[in-house]
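> 3D model of this:
(2 chains)
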Amino acid sequence: MREINVNQLTDVVERLCIEANTHLPGDVKCAIETCRACEDGQIACGVLDNIIENYNIADRENVPICQDTGMACVFLEIGQDVHFVGGDLREAVDEGVRRGYTNGYLRKSVVADPVRRGNTGDNTPAMLYTEIVPGDQVKVTLGPKGFGSENMSAIRMFKPSAGLQGIKDFIIETVEAAGPNPCPPIVVGVGIGGTFDKAALLAKKAIMRPLDTHHPDPFYADLEKEMLDKINALGIGPQGFGGRTTAIGLNIETLPTHIAGMPCAININCHVTRHKTEVL
Amino acid sequence: MEKHITLPLTEELARTLKAGDTVYLTGTIYTSRDAGHKRMCESLAKGEPLPFDPKDATIYYVGPTPAKPGQVIGSAGPTTSGRMDAYAPTLMSVGARGMIGKGARLPEVVDAMKQYSGVYFGAIGGAGALLAKCIKSAKMIAYEDLGAEALRELYVEEMPLFVIIDCEGNNLYESGRQAYLESRNDK
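Below you'll find the predicted structure:
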């Protein structure tokens, strides 16, 4: 049994909040730059150039890439041989978010109640997911999630008879309905299978997966490529001003599901797709 | 067309701007988003004045990050405008003319823009670090309790924007996409 003091977790979460919000991951930058090279419209190229200049400024000056520094989604993969000591795990994570958003001059965008509102003032609570895995390490992934794109996400419980075509149509329909709102070019995360809740979590995990990776099953890897091409034929383009680059990536995650169902969730993210991981 | 304009956004100036124009905007603008708009419209309903003179004013839908020491403002890109659709016609009815944001607007907003010669500008969503560079001063003028959503007066220089919807109702989201699809079919 390996003991880990929760204070260490607080420090890691604080650091990840700041770094994820100021430095865009390499795979996302690479995808944006590849799309820029394929774009030829004047406005579309200008928008992508500004997006590239923006993340370069953020890198150089250590400032947030986007003012919507999001809700802090925290994924902990906890080795089953780990024993946390020194305090409450959830409080330790929230303390890391509190410090990260305060010390990092990040925006506090969380309201305490969904209907009655009221800003919590420190961006807590984190949206925390824990998973028990083999081993004695803790993998911490932090993904700040903005809501301009979150609001454009969708979930549908399909009948199995809807088949692959049903899912394809749903993806296109969701991206089309989102139009310019989620700050295209976007990243599309698709979760298929599991239960209602698991499908949504899969879609969230899909947007956290690096854009230069593919689903391990060639059937879904091909579907990722096909759907990305179809989205980029819609013409919505950077910021919705028209052009080829509507999406810079599309990842699919899957799980077994029930004989009666085929859940499908689509989580949309903007071009500022942020995630950062550290292992304790 | 590329245009460099100086505020206030008079009716005469608004009428020269066309959907698809690239605009570099200089002058004083006001920040407001969800909670601020709700409060402004509640004030108007009670017959109270707004915290700023709305005549020919331009409102930027933004909730910036806090300024670091030495900064005028933190990152400050646009938020999704559609959430302000319920309030925008009311603000235009008392003289506000320019709106800066991103994303689609409802037909009611476009109708009000035609009626009051309003202009909807787009700033690049997600380019908050870049847009902050054109903000030369920032002053909190009301609703301080709303934090990021407080009402601020900003002075901007050469702020890069696109005219998305002009006062005749022409829409870059429609024309830009159509032009791209047509150009692709020609190839």
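
> could you pull out the helices for chain B?
Secondary structure of chain B (DSSP state H): helices located at B:11-14, B:34-45, B:88-93, B:107-116, B:128-132, B:172-186.

> any idea which of those helices gets closest to chain A?
Smallest distance to chain A across the helices of chain B (Cβ to the nearest Cβ): 3.1 Å, for helix B:172-186. Using the backbone N, CA and C atoms, a C-beta is placed for each residue, glycine as well.

> in PDB, could you pull the C-alpha coordinates for that closest one?
What follows is helix B:172-186, C-alpha atoms only, in PDB (Å, rounded to 0.1, in the frame of the first residue of the first chain):
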ATOM      1  CA  LEU B 172     -22.300  36.800 -42.900                       C
ATOM      2  CA  TYR B 173     -23.100  33.400 -41.400                       C
ATOM      3  CA  GLU B 174     -25.400  32.700 -44.300                       C
ATOM      4  CA  SER B 175     -23.500  34.500 -47.100                       C
ATOM      5  CA  GLY B 176     -20.000  33.300 -46.100                       C
ATOM      6  CA  ARG B 177     -21.100  29.700 -45.900                       C
ATOM      7  CA  GLN B 178     -22.900  29.900 -49.200                       C
ATOM      8  CA  ALA B 179     -20.000  31.500 -50.900                       C
ATOM      9  CA  TYR B 180     -17.600  28.800 -49.700                       C
ATOM     10  CA  LEU B 181     -19.900  26.000 -50.900                       C
ATOM     11  CA  GLU B 182     -20.400  27.600 -54.300                       C
ATOM     12  CA  SER B 183     -16.600  28.100 -54.700                       C
ATOM     13  CA  ARG B 184     -16.100  24.400 -53.900                       C
ATOM     14  CA  ASN B 185     -18.700  23.400 -56.500                       C
ATOM     15  CA  ASP B 186     -16.900  25.500 -59.100                       C
END
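
> would you mark the buried spots in it?
By neighbour count on 16 or more other Cβ atoms under 10 Å in any protein chain shown, the buried set for helix B:172-186 is B:Leu172, B:Tyr173, B:Gly176, B:Arg177, B:Ala179, B:Tyr180.

> can you list the low-confidence ranges for chain B?
Residues of chain B that meet the criterion pLDDT under 70 lie in B:187.

> longest strand anywhere in it?
The strand that spans the most residues within chain B, counting by DSSP state E, is strand B:151-165.

> who's in contact with the residue most central in space within chain B?
For chain B, the residue nearest the mean C-alpha position is B:Ile100 (1.6 Å; Cα atoms, centre = their mean). B:Ile100 sits next to B:Ile29, B:Thr58, B:Ile59, B:Tyr60, B:Tyr61, B:Val62, B:Pro78, B:Phe121, B:Gly122, B:Ala123, B:Met159, B:Leu161 when contact means Cβ atoms under 8 Å, 6 or more residues apart in numbering or on different chains.

> want to throw those residues into TSV with distance to chain A and neighbour count?
Formatted as TSV, the contacts of B:Ile100 follow (distance: Cβ to the nearest Cβ, whole Å; neighbours: other Cβ atoms under 10 Å in any protein chain shown):
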residue	distance to chain A	neighbour count
B:Ile29	15	25
B:Thr58	18	23
B:Ile59	16	27
B:Tyr60	11	28
B:Tyr61	11	25
B:Val62	7	28
B:Pro78	9	28
B:Phe121	12	27
B:Gly122	7	25
B:Ala123	9	28
B:Met159	12	22
B:Leu161	11	27
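
> just the ones in strands from those residues, please.
B:Ile29, B:Thr58, B:Ile59, B:Tyr60, B:Phe121, B:Gly122, B:Met159, B:Leu161.

> what's near enough to touch the fourth one?
When you say that, I think you mean B:Tyr60. Here B:Tyr60 is in contact with B:Ile29, B:Tyr30, B:Thr31, B:Ser32, B:Pro78, B:Ile100, B:Gly101, B:Ala123, B:Leu154 (criterion: Cβ under 8 Å, 6+ apart).

> so what pairs up with the nearest residue to it once chain neighbours are set aside in the strands?
With Cβ to Cβ, 6 or more residues apart in numbering or on different chains as the criterion, B:Tyr60 has its nearest non-adjacent residue at 4.3 Å, and that residue is B:Ile100. Beta-bridge pairing for B:Ile100 (DSSP bridges): B:Tyr60, B:Phe121.

> sec struct for A:Asn267, please.
Three-state call for A:Asn267 (DSSP: H, G, I helix; E, B strand; the rest coil): strand.

> local confidence estimate at A:Gly41?
At A:Gly41, the pLDDT value in this model is 89.

> residue 21 - how many residues pack around it?
Chain wasn't specified; assuming chain A. A:Asn21: 31 surrounding residues under other Cβ atoms under 10 Å in any protein chain shown.

> that answer is for a different chain, and I need it for chain B
B:Asp21: 19 neighbours (other Cβ under 10 Å).

> got a list of what it touches?
By Cβ under 8 Å, 6+ apart, B:Asp21 lies in contact with B:Met1, B:Glu2, B:Lys3, B:Phe162, B:Val163.

> ok, now which ones touch the residue of the stretch 51-200 of chain A found nearest chain B?
Closest to chain B within the stretch 51-200 of chain A is A:Cys183: 3.3 Å, counting by Cβ to the nearest Cβ. Applying Cβ under 8 Å, 6+ apart to A:Cys183 gives the contacts A:Gly148, A:Ser149, A:Gln239, A:Cys270, A:His271, A:Val272, B:Lys102, B:Ile124, B:Gly125, B:Gly126.

> picking that back up, need the winner for burial among the helices of chain B.
helix B:128-132 (a mean of 27; mean count of other Cβ atoms under 10 Å in any protein chain shown).

> what packs against that helix?
helix A:42-61 (3 or more Cβ pairs under 8 Å, 6 or more residues apart in numbering or on different chains; DSSP states H and E).
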